[in-house]
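have a look at this fold, sequence not included:
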């Protein structure tokens, strides 16, 4: 066992640095008070370290691909940063130029980067 820290912390979360992505680890915890330190907790389940995930950056380059008087076909470019996870779809909103309120175009994500709006 290798200690993750050498000083008591006052809360129940701790960021462990120096882990290797793809490796598996098991953790345990001790409590400490003015009298001393407890025994170790039960071991955690095996935890596999994965790359940190976050939300993607925004899509960009919205382009009008076609307009027939009744509908418009729009296209856009993928986000420059995926957040570490595959992009599973896109939501589009629209508003009229002179209005402030945005309106949802699609209620479930579209997988393609092209959408026809009527």
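Thanks, I have the structure now. This is a predicted model, so every value here is computed, not measured.

distance check, residue 28 against residue 44.
Computed as C-beta to C-beta, to the nearest Å, the residue 28 to residue 44 distance reads 7 Å. C-beta: built from backbone N, CA, C; applies to glycine.

domain boundaries for this protein, per the record?
For the chain, automatic domain parsing gives the domain ranges 1-50, 60-117.

before we move on, what SS does the residue of the chain positioned farthest from its centre have?
In the chain, the greatest distance from the average C-alpha position (C-alpha atoms, centre = their mean) is reached by residue 35, at 41.9 Å. What DSSP: H, G, I helix; E, B strand; the rest coil gives for residue 35 is coil.

so where do the strands sit in this protein?
24-25, 47-48, 60-67, 72-77, 93-94, 103-104, 114-117 (DSSP state E).

out of the ones you listed, nearest to residue 13?
strand 47-48 (14.4 Å; C-beta to C-beta).

who touches that closest one?
Strand 47-48 has contacts (C-beta atoms under 8 Å, 6 or more residues apart in numbering) with 22-27.

sounds good, over and out.
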